[in-house]
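# compute the structure for the input listed below.
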Amino acid sequence: MDVDLIRDVIEQYSTHGWKLRRVLAVDPGELNGMEFPEDVAVSNAGFNALWFSRRSRPGSETWELRRADGSPFALLTTVPNGSDVSETLAILAETEQKMLARRN
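Below is the predicted model:
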């Protein structure tokens, strides 16, 4: 993973009101030296990507999964307000599967 690219992407998204929420990494050890806020989960995954979120309309929160290597690519999903943790994780997992399918 290109740590400088990740820093640039995080900075770009934050200027547009997106909040980094999760980091997916094939090898989380490659992120040594990167500091993330305590509420940002770093997880082992089949691809490198960053999850961002922001409120964009009433009743839901928009989440964007941004690929963190190769050509820039992102997928959006929405999570309804009031979703519990398991519902949110299921929605995110479905989007992660779509991203993984597009890599192959």
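# tell me where the chain has strands.
19-25, 41-44, 49-57, 60-67, 74-80 (DSSP state E).
# how about the contacts made by Glu96?
Residues near Glu96 by C-beta atoms under 8 Å, 6 or more residues apart in numbering: 24, 45, 49, 65. Any C-beta I mention is one placed from the backbone N, CA and C, and that applies to glycine too.
# do the same with Tyr13
20, 50, 52, 64, 66.
# can you get me a residue count around the nearest residue to the second one once chain neighbours are set aside?
In this structure, Leu50 finds its nearest non-sequential neighbour in Arg66, 4.9 Å apart by C-beta to C-beta, 6 or more residues apart in numbering. For Arg66, the tally of surrounding residues (other C-beta atoms under 10 Å) stands at 22.
# what bridges to Arg66?
Leu50, Ala74 (DSSP bridges).
# and the gap between it and Pro72?
For Arg66, the distance to Pro72 (C-beta to C-beta, to the nearest Å) stands at 8 Å.
# same check, this time on Arg7
15 Å.
# what's the answer for Thr88, then?
25 Å.
# for the longest helix along the chain, C-alpha coordinates in PDB please.
Secondary structure of the chain per DSSP state H: the longest helix is helix 85-103. Included here for helix 85-103 are C-alpha records, laid out as PDB according to Å, rounded to 0.1, in the frame of the first residue of the first chain:
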ATOM      1  CA  VAL A  85     -24.300  -2.400  14.000                       C
ATOM      2  CA  SER A  86     -25.100  -5.800  12.400                       C
ATOM      3  CA  GLU A  87     -27.300  -4.200   9.800                       C
ATOM      4  CA  THR A  88     -24.700  -1.600   9.000                       C
ATOM      5  CA  LEU A  89     -21.900  -4.200   8.700                       C
ATOM      6  CA  ALA A  90     -24.100  -6.300   6.400                       C
ATOM      7  CA  ILE A  91     -24.600  -3.300   4.100                       C
ATOM      8  CA  LEU A  92     -20.900  -2.500   4.100                       C
ATOM      9  CA  ALA A  93     -20.000  -6.200   3.500                       C
ATOM     10  CA  GLU A  94     -22.300  -6.300   0.400                       C
ATOM     11  CA  THR A  95     -20.500  -3.300  -1.000                       C
ATOM     12  CA  GLU A  96     -17.100  -4.800  -0.200                       C
ATOM     13  CA  GLN A  97     -18.100  -7.900  -2.200                       C
ATOM     14  CA  LYS A  98     -19.100  -5.800  -5.100                       C
ATOM     15  CA  MET A  99     -15.700  -4.100  -5.000                       C
ATOM     16  CA  LEU A 100     -13.900  -7.400  -4.800                       C
ATOM     17  CA  ALA A 101     -15.800  -8.700  -7.800                       C
ATOM     18  CA  ARG A 102     -14.800  -5.700  -9.800                       C
ATOM     19  CA  ARG A 103     -11.100  -6.400  -9.100                       C
END
